[in-house]
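Student: A structural model of the following input is requested.
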Amino acid sequence: MRVMPEEILNISNLYVSVEGTEIIKGLSLTINKGEVHALMGRNGAGKSTLANALMGHPAYSIDSGEITYNGQQLEELEVFERARAGMFLSFQYPSVLPGVKVGTFLKKSIEAVSGNPIKQRDFRNQLKAAMQLLDMDRTFLSRYVNDGFSGGEKKRLEILQLVLLQPTLAMLDETDSGLDIDALKIVSKGINQVAPQAGCLVITHYQRLLEHVKADYVHVMVDGNIVKSGGPDLAHKLEEQGYDWLEAEA
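Tutor: A predicted model of the protein is given here:
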């Protein structure tokens, strides 16, 4: 008997604008549980706009279209409700929080998303397992959030959050940007740990991430819409030929 896929996110004919400028233009996309969707395209194609609009950033106006998350109308949920419902967004440029230690930040993040306090012992056990998975030293916890961090350290911290929070929908905006080979492998390990129980939208410019994170679908955005979808071979073709051939077709 064939098992029907469990739909996590459904986007239908979505239009999004920023300060009156239309960025997303009629985009449709469905992500099911256990699927990894890679979203590729030139700078300015609308990839980050899509992720921010889904997470509810106030600067991004949803003008028309429909988005359902786990069967519920997404626009009915406030930003904190989306996080509590299992949505996670990693940022292209993570914020610096001087004076806030990483360990404290992670514990408060878990409590904010769950809506309940977590016992210190339980937190320590979860944290230890996640840090071992990502090959992270415990001295990391006493540093201030992203203060003086390298690009790779910032991305590792976001993936550590991802592993601890275990979201239902993970949106990763250029998580591979600026990573060396070793850091890329570690970040990929975190994504692969979460992916089987979630829907993943991985925004990337490069095929190299997809050598470590298997994408079920690769989508290419041009001028605010998905113009082509395929499997991993599409990412290889983009690496070899760029976007000109797709933009000509669009």
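Student: C-alpha from now on. contacts and neighbour counts both.
Tutor: OK.
Student: Surely R82 is in contact with M55?
Tutor: Yes. The pair R82 / M55 is scored as a contact, 6.9 Å apart, by Cα atoms under 8 Å.
Student: quick one, which of those two is more surrounded?
Tutor: Neighbour count, other Cα atoms under 10 Å: between R82 and M55, M55 has more, with 23 against 20.
Student: how about the CA coordinates for the helix or strand where S109 lies, as PDB?
Tutor: Using DSSP states H and E, S109 maps to helix 102-114. The C-alpha coordinates for helix 102-114 follow below in PDB (Å, rounded to 0.1, in the frame of the first residue of the first chain):
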ATOM      1  CA  VAL A 102      26.000  31.200  23.700                       C
ATOM      2  CA  GLY A 103      24.900  28.700  26.400                       C
ATOM      3  CA  THR A 104      22.400  31.000  27.900                       C
ATOM      4  CA  PHE A 105      21.100  32.000  24.400                       C
ATOM      5  CA  LEU A 106      20.600  28.300  23.400                       C
ATOM      6  CA  LYS A 107      18.700  27.500  26.600                       C
ATOM      7  CA  LYS A 108      16.400  30.500  26.300                       C
ATOM      8  CA  SER A 109      15.800  29.600  22.600                       C
ATOM      9  CA  ILE A 110      14.600  26.100  23.500                       C
ATOM     10  CA  GLU A 111      12.400  27.500  26.200                       C
ATOM     11  CA  ALA A 112      11.000  30.200  24.000                       C
ATOM     12  CA  VAL A 113      10.100  27.800  21.200                       C
ATOM     13  CA  SER A 114       8.700  25.100  23.400                       C
END
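Student: same for the next helix or strand after that helix, what does it pack against?
Tutor: The helix or strand immediately downstream of helix 102-114 is helix 120-133, counting by DSSP H and E. Packed against helix 120-133 by the contact rule (3 or more Cα pairs under 8 Å, 6 or more residues apart in numbering; DSSP states H and E) you find helix 151-165.
Student: Which residues outside the helix it packs on are in contact with it?
Tutor: 88, 90, 94, 106, 110, 113, 126-127, 130-131, 134, 146, 170, 175-176, 178-180, 183, 186-187, 190-191, 193-194 (Cα atoms under 8 Å, 6 or more residues apart in numbering).
Student: filter the residues you listed to the buried ones?
Tutor: Buried members of the contacts of helix 151-165, counted by 16 or more other Cα atoms under 10 Å: 88, 90, 106, 110, 113, 127, 130-131, 134, 146, 170, 175-176, 179, 183, 186-187, 190-191, 194.
Student: which regions of this protein lie under the pLDDT threshold?
Tutor: 1-3, 247-250 (pLDDT under 70).
Student: quick one, helices of it?
Tutor: Counting by DSSP state H, the chain has these helices, from start to end: 47-55, 79-84, 102-114, 120-133, 151-165, 181-194, 232-241, 244-249.
Student: Can you tell me which helices and strands the first one packs against?
Tutor: For helix 47-55, the packing partners by 3+ Cα pairs under 8 Å, 6+ apart come out as strand 7-18, strand 21-32, strand 60-69, strand 87-90, strand 169-173.
Student: hey, which of those strands is tucked in deepest?
Tutor: Sort these by mean neighbour count, taking mean count of other Cα atoms under 10 Å, and strand 169-173 sits at the top with a mean of 25.
Student: can you list the residues that contact it?
Tutor: 8-9, 48, 51, 86-92, 162, 198-204.
Student: Let me know whether F140 touches V102 as I believe.
Tutor: Yes. Using Cα under 8 Å as the test, F140 is close enough to V102 to be in contact (7.1 Å).
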